[in-house]
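Engineer: build the 3D model from these lines:
(chains A and B)
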Amino acid sequence: MQIGGDMPFNFNNSNVGPRETRLGSITGYAGDLENLVYCSHNGSLKNKERCFSQSSSCLSGCALSQLLGIRNIAIIYHAPSGCATIAEGANITLGQLAARINKTTNSVVVSTDLDENDTVFGAIESLRKIIKHTYDTYHPDAMFVSSSCVSGVIGENIDDLSEELKDEYPVPVIPVHCEGFKSRIWASGFDISDHAVMQGIVKPPKGKRPVINFKNFFESARPQITKLFAEFGVAPQFLYLNSTVEELSHISESLATVCICGTLGTYLGNALEEKYGVPYVRTINPNGIAGFETWLRKIGETIGKQKEVEAYIEKQRAVYIPQIEEVKKELRGLRCVIGMGPGYTYEVTRVLQELGMEVVWALAWHYDYKYDNGQVPPALDYLQKTAPKDMKLSISDQQNYEVMNILNRYKPDLYFSRHPGSTVWAIKQGYAALFVADEYMIFGYEGTLSFAKTILDTIKNRSFEKNLASRIKLPYTKWWYEQNIDKFMTISQTTNGTNN
Amino acid sequence: MAKILDQPRYKCALAAMQTVQSIPGAIPILHAGPGCAAKLNDNNGTSGQYSANIFPCTSISEKEVVFGGADKLRNTIRNALRVIDADMFVVLSGCTGEIIGDDIQEVTQEFSDEEKPVIWVKAPGFKGNNYVGHDWVLSAIFNQYLKTPAPVQKTKGLVNLFAGVPQQDPFWLGNLRELENLLRAVGLTPNTIFGFGRGPENIRKLPEAEYSILVSPWTGTGSAEFLEKKFGIPLLKYPVLPIGAFETSKFLRAVGDFCKIDKNNIEEVIKKKEEEYYYYIERFADTFLETRIMGKRFTVVSDAQYALAVTKFLVNDLGQFPETQFITDDTPEEYRDAIRAQFRDLNYGIQADVEWNTDGHDIDTKIRGMDFAGTPLIVGSNWEEKIARQLGAHFINISYPMIDRLVINSSVAGYSGGLKLLEDIYTAALGRLSL
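Structural biologist: The predicted structure is shown next:
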């Protein structure tokens, strides 16, 4: 398959297809790793829909929180009040995150607070006024006009309005399509934000700059990465948190794009490569030792700094590998269940196996059979070659009842999750659990070492989960725990992947 | 009509799923998008036996938008009854389901013979915010779950009690428990449906009560009036959440009058409570008087409940002066005059201006223009932190959104709640200058 060949990016249209239709991604599967990969390759992979599901997440959260991370922008959210709750967190969290780099941010979400009348008569003129109010009040560097389920269903045309307003304001006015019903895969929201940035902010390159685009979430390792990259004579441009519209307009001039999470980075990385020839470094990610070394070597190769990278690796190995080996002795043989977004499931599974632990069941919140370059995600590809073939695996959009059933069946030593509201349920069922919250929790040698130590701490003091689990009532019936986890999955459609 | 909602301090009606969640044993079933519950679940302390990602949800997709979502809802309810161990299921429909016209009443009523009650409530976000959604949820539960026809055997001294909106009000549970304590102190037996140790059996007990008391300037009026009409339970609508001695004693007198309790008993309770309260006040009176950077004037930016309650407390207990007060809960017009009148009824003929506003930036601008004649005191939510910092004001976070402060079960209601609020206010001041 030709890289990028079958995936044209169209930035003349504000819509970007959700992952189900664009990449053939699925949210329902239960089986094992080998079968999943086999079915993906021969085109027989079928998505399973559920006739019972629990609340999960909305793509608008992923899309708009990414955009809100850009400093001094405004989102005008054409939605009822509930959708705008992202504003509350943004106010506090973004301020705290900007303060970490000694900056401030004035990014805002202003909502149109749609009411019943608007669902009958439309509210595009009110939206126009509120856009003007927002500009006059905050003077943002860019305005993103977002739709919602309601404005989408009643057919409010934010594209035409944004087009009309283009000449009225000296800053970009960019439509963003956040109808939550479009996709079961909230990660589609990442693509929506990337599409908006590519469509409305990124400019064609005027030259090359010694910068590497670094896409991540909360940039907690910003100081370490900045220092690391300085050793190779390049500077990171972190995306999108704490970036500015001006900085983003130049990301087409960077030497390469890397991303801490394949799910997060696929659209922007591939789009920058296809449209502006900025190489997208696609390797396994810098989690654990194999991940970090593979990733760093590929960056070295991409920017022509192989020698420096090898010297760095040698120096760091001498410091950290003996320490990691020491902790590993106590981790060997621990049985784990893990539930994360697919950008991390395969990554963390690899690291756990690297640390000598056994992953008895891995859940991914969705499954991208391929990324926007038409290729299998590198971490999955790697896992096929290194993990036990019969490793149990399921795809589930954070369906908690399935997770709890699996835990009850396999009774692991540990449960790992990266998504808020998941680990708490494992401990309530009495299993030690670790919230792999930060995207840099297992970054590089140092991160791998502290991750290993944290696992040890987690299993050595089980007081919290024992105390809690013995005193609470679980939310599920005995009947449910006796069922197979795919009880409610039914085959209804094949994927829309190119193999069909 | 669409309006500017900048710095939101409420959520949509579907967030009343939190009202359901606060009744132990009850779980919402959402006919809504996959991410509605996650978004609306943005307060602290929303776990429990069921958290948002346990809530069954039809996760409406494009398919349902085109072909209708009734089948999906039917399957979701049927299987929720098998999978979830709950005592009560409350189906809430969100925006999309309502626009495409799914009949949730019809689907839900197919389950009327189930062992567990299945209630339905239309709660689309475009129809109102969570302050009204809360009332819709309670009305629906009372109407559909309480089928007992009148007359009902009354239990002497039993009083139904309702106050702040669960989870939207960060102090909802602590306040409710403190109000219960106050009723117990005057010999009544409170019946509440929220929080630990309560549940559907308390809902079943509602008709047995002699009285209902709603401590709220407006939220919850419809559901409390429903109980009044259907079961003939006299309702005391008490608009002011009592904070501190002055307002709490006033509250107890009103309760005593309404519930026909001997005046002497009431006065005896008040005397004891006030003596204890003023024991503490006396011990710290010098702190209250001599904190150099404590001014005399304040503003509150909050829902009607706290804007009113804090104003009454600071004026009538602590001798402060109100600047304009801002109410951010989009109170329906019909209730506004009565609330305005409350702001004019303060000691020494003091009157507070009150303004309803959902544009946070505009509120900031107005606060900036106020003459505080000293260090300002701003009581509000996370949103006011910034303007308070810019003005060098003392800032107390008392209402949603409260992202960076954790409240577990503390209370700002009653005599003890007044002391708690004083602790918070003077901690803020002493934290900046302890001279």
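
Engineer: enumerate the residues of the stretch 201-350 of chain A near chain B.
Structural biologist: Residues of the stretch 201-350 of chain A lying close to chain B by Cβ under 8 Å from any Cβ of the partner chain: none are found. Placement of C-beta: from N, CA and C, glycine included.

Engineer: tell me the residue furthest from the middle of chain B?
Structural biologist: Residue distances from the centre of chain B (Cα atoms, centre = their mean) peak at residue B:67, which lies 38.1 Å from the mean C-alpha position.

Engineer: ugh, wrong one, chain A
Structural biologist: Chain A, farthest from centre, Cα atoms, centre = their mean: residue A:121 at 37.0 Å.

Engineer: residue A:175 - how many residues pack around it?
Structural biologist: 23 (other Cβ atoms under 10 Å in any protein chain shown).

Engineer: ugh, typo on my part, it should be residue B:100
Structural biologist: Per other Cβ under 10 Å, the neighbour tally for residue B:100 reads 17.

Engineer: contacts only, for it.
Structural biologist: A:153, B:64, B:65, B:68, B:69 (Cβ atoms under 8 Å, 6 or more residues apart in numbering or on different chains).

Engineer: need the pLDDT of the spatially closest residue to the second one that is not a sequence neighbour.
Structural biologist: With Cβ to Cβ, 6 or more residues apart in numbering or on different chains as the measure, residue B:72 is the residue that lies nearest to residue B:64, at 5.7 Å, once sequence neighbours are left out. Listed pLDDT for residue B:72 reads 97.

Engineer: surely residue B:72 and residue B:56 touch.
Structural biologist: No - taking contacts as Cβ atoms under 8 Å, residue B:72 lies outside contact range of residue B:56: 11.0 Å.

Engineer: look through the stretch 301-450 of chain A and state the residue closest to chain B.
Structural biologist: Nearest residue of the stretch 301-450 of chain A to chain B, counting by Cβ to the nearest Cβ: residue A:421, 4.8 Å away.

Engineer: where along the stretch 151-300 of chain B do the strands fall?
Structural biologist: B:158-162, B:189-191, B:211-215, B:235-238, B:297-302 (DSSP state E, counting those that start in this stretch).

Engineer: which one, of the ones you listed, ends up nearest to chain A?
Structural biologist: strand B:297-302 (13.7 Å).

Engineer: pLDDT below threshold where in chain A?
Structural biologist: Along chain A, segments meeting pLDDT under 70 span A:1-7, A:492-500.

Engineer: now it against chain B: closest residue?
Structural biologist: Minimum separation of chain A from chain B (Cβ to the nearest Cβ) falls at residue A:58, amounting to 2.2 Å.

Engineer: the closest residue to that residue other than its chain neighbours: how many residues sit nearby?
Structural biologist: Spatial nearest neighbour of residue A:58, excluding adjacent residues (Cβ to Cβ, 6+ apart): residue B:35 at 2.2 Å. Using other Cβ under 10 Å, residue B:35 has 25 other residues around it.

Engineer: and the contacts of residue B:100, which is closest to residue B:10?
Structural biologist: In terms of Cβ to Cβ, no member of the contacts of residue B:100 lies closer to residue B:10 than residue A:153, at 22.6 Å.

Engineer: many thanks, we can stop here.
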